[in-house]
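# show me how the following folds:
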Amino acid sequence: MKDKIKKAILPNTYKSEESQELYAEQVRLLYENSPTSLAATVINALIMGLILWKVLSHSIIISWVICNILLTLARYVLVYRYRSSSPNTYEIRLWSNLFIIGIVLSGIIWGASAIFLFPHQSIAHQALLAFVLGGMSAGSLATNSALITAFFSYTIPSLLPITIRFLYIGGDIHIAMGAMTLLFLISILVSAKRMNSTIKNTLWLQFENRDLLKSVTLEKENADRINKELKSEITERAKIEESLRLEENRLNVLIKLSQMNQASVNEITSFSLEEAVRLTGSKIGYLAFVNEDETVLTMHAWSKTTMEQCSITDKPIEYLLEKTGLWGEAIRQRKPVITNDYNSSPLKNGYPDGHVQISRHMNIPVFDGERIVAVTGVGNKGDEYNESDVRQLILLMQGMWRHLQRNQTELELKETNTQLENAITKANQLAIEAESASIAKSRFLATMSHEIRTPMNGVIGFTDMLLDTGLNEDQVDYAKTIKRSG
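I've put the predicted structure just below:
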């Protein structure tokens, strides 16, 4: 994408950069093919020296071979330095110039063989010399035509001297040899030009394919990223929908639970346990109550599937917390415990023969303030339990406990009202009885007062009569006392 924008905004700059990259690739091919040509140069120089050893001066041959070998070593060092440095596009011009200098010198040394190693007396050796120079040039076509300047820099100085030498000597044979050498030079230059064009076109195609591959890769990455985002969005939406569905189901359960006002404790707990198993996608479930000091668990209910799968006949009801295994951890840790790999859990104590097989397990403590009043567990869900399952189970079982408390409170209030009504009724009855007793008492006192007053009137009358008689002072005093008392 960046390359496309760059082409549209700065076409000349982009073209220049592509040309530099092409040139760098051509130079890389030169250095990559050089080791083979360098080895061939040394071998051919030694062969030429051996063949001409008997017809030319040894010192000239040795000097020419040494020059060739030293130059070849220098060029090999250049190739080694190039491969070690890994030059960038902007440094490639220097390496290109160094290579061309080396190959020009090599061409000159080989071309000098037409002057210093030319066997005047042996046409066969002359033909061999021309053959070797032509072969070296043909080999250069394969190794140096990636950069046409490099090929020309070697081929022209290596073949042109012997061509001129043949034509200068004259004679039918030498003119024919010179003409053929010249024709070979021209044809090989044309071939090099075509091969260079082919190499450049191939490199251009490689660049285009690379850019195309990069573009396709980028588009694929974008498509993968978009697909990943879409999958993530779909997954997230599915999670949200599942969460909403669970919330709706849980609310419906709580509504049904709130309407079970006349239900018994067993009915409420059984309903809540079955719904807990359903909401969490589990296969089994249980509910146990905890005593006040949280040391004993009393198993209260199992889900229907648990009862169907369990073949234990005498199921224990009460369990000491200290002897429980994994299912007691929710109380010991005072938090929900999820075990998605039951068999590898170090907390399990195992279970007796006939017990339901467990693969996954999750249980929670049910709190009443700071005290744990119950523990609820579910198990064998198809996939792993998660925090959403914990949340659903906590909300449902806390709702169950509040409903049990409300029902218990209402029951206690109802009993209290009944006792109060009975007390009021009894109090009213006692009040009526007290009023009846008061009336009876009044009647009794009135009757008794009348019965007592009647004789007392006679006593008082006789006392008045007695006072009118002649009594002494003590008698009068006694009589008045009797009258006052009456």
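# can we go C-alpha only for contacts and neighbour counts from here?
Fine.
# per-residue confidence averaged over the helix ranked longest in the chain?
Once the chain is assigned using DSSP state H, the helix that runs over the most residues is helix 172-258. For helix 172-258, mean pLDDT rounds to 85.
# where does the prediction get shaky in the stretch 301-450 of the chain?
Using pLDDT under 70 as the threshold, the predicted model of the stretch 301-450 of the chain has low-confidence ranges 311-315, 350-354, 444-450.
# so who does residue 113 touch?
Neighbouring residues of residue 113 by Cα atoms under 8 Å, 6 or more residues apart in numbering: residue 64.
# tell me how far it lies from residue 345.
When Cα to Cα, to the nearest Å is the yardstick, residue 113 and residue 345 sit 88 Å from each other.
# tell me what the longest helix of the chain is packed against?
If you count contacts as 3 or more Cα pairs under 8 Å, 6 or more residues apart in numbering; DSSP states H and E, helix 172-258 packs onto helix 11-51, helix 123-144, helix 148-169, helix 265-279, helix 387-467.
# so it versus helix 387-467, what angle?
20 degrees (axes from the mean of the first three to the mean of the last three Cα atoms, to 10 degrees).
# helix 172-258: how far from the chain's middle?
Remark: helix 172-258 is offset 27 Å from the chain centroid, using Cα atoms, centre = their mean, to the nearest Å.
# helix, strand, or coil at residue 348?
Here residue 348 is recorded as coil under DSSP: H, G, I helix; E, B strand; the rest coil.
# I misspoke; the intended subject was residue 364.
strand.
# return the residues in contact with the closest residue to it other than its chain neighbours.
If you skip the residues right next to it in sequence, residue 364 has residue 336 as its closest partner in space, 4.3 Å away by Cα to Cα, 6 or more residues apart in numbering. With contacts defined as Cα under 8 Å, 6+ apart, the neighbours of residue 336 are 330, 362, 363, 364, 365, 390.
# try it again at 7 Å.
Contact analysis of residue 336 by Cα atoms under 7 Å, 6 or more residues apart in numbering lists 330, 363, 364, 365, 390.
# now residue 33
For residue 33, the set of contacting residues under the criterion of Cα under 7 Å, 6+ apart consists of residue 143.
# now, which of the contacts of residue 336 sits nearest residue 138?
Proximity of the contacts of residue 336 to residue 138 (Cα to Cα) peaks at residue 390, which lies at 81.9 Å.
# quick check: the spatially closest residue to the closest one that is not a sequence neighbour vs residue 293, distance?
In space, not counting the residues next to it along the chain, residue 390 is nearest to residue 336; the distance is 7.0 Å by Cα to Cα, 6+ apart. Shown here: residue 336 relative to residue 293, a distance of 19 Å by Cα to Cα.
# can you tell me the centre-most residue of the protein?
Closest to where the C-alpha atoms of the chain average out (Cα atoms, centre = their mean) is residue 232, at 11.4 Å.
# what separation is there between that one and residue 247?
Residue 232 is 22 Å from residue 247, where distance means Cα to Cα.
# what do you get for residue 189?
84 Å.
# comparing these two, which residue is more hemmed in?
Taking other Cα atoms under 10 Å, residue 189 and residue 247 do not tie; residue 189 has more neighbours (21 against 14).
# how many neighbouring residues does the residue nearest to the more buried one when sequence neighbours are not counted have?
Take residue 189 and drop its neighbours on the chain: the residue closest to it by Cα to Cα, 6+ apart is residue 152, 7.4 Å away. Here the neighbour count serves as a burial measure; for residue 152 (other Cα under 10 Å) it reads 24.
# so what pLDDT did residue 152 get?
Reported pLDDT for residue 152: 92.
# again, but for the one 5 residues further on
What the model reports as pLDDT for residue 157 is 94.
# isn't it up against residue 107?
Yes: A contact is recorded between residue 157 and residue 107 when judged using Cα atoms under 7 Å, the distance being 5.2 Å.
# which one's more surrounded, those two?
In this comparison of residue 157 against residue 107, neighbours counted by other Cα under 10 Å, the higher total goes to residue 107 at 23 against 20.
# distance to residue 71 added to the helices and strands packed on helix 172-258, as a markdown table?
Conversion of the helices and strands packed on helix 172-258 to a markdown table gives the following (distance: least, Cα to Cα, whole Å):
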| stretch | distance to residue 71 |
| --- | --- |
| helix 11-51 | 10 |
| helix 123-144 | 16 |
| helix 148-169 | 13 |
| helix 265-279 | 86 |
| helix 387-467 | 77 |
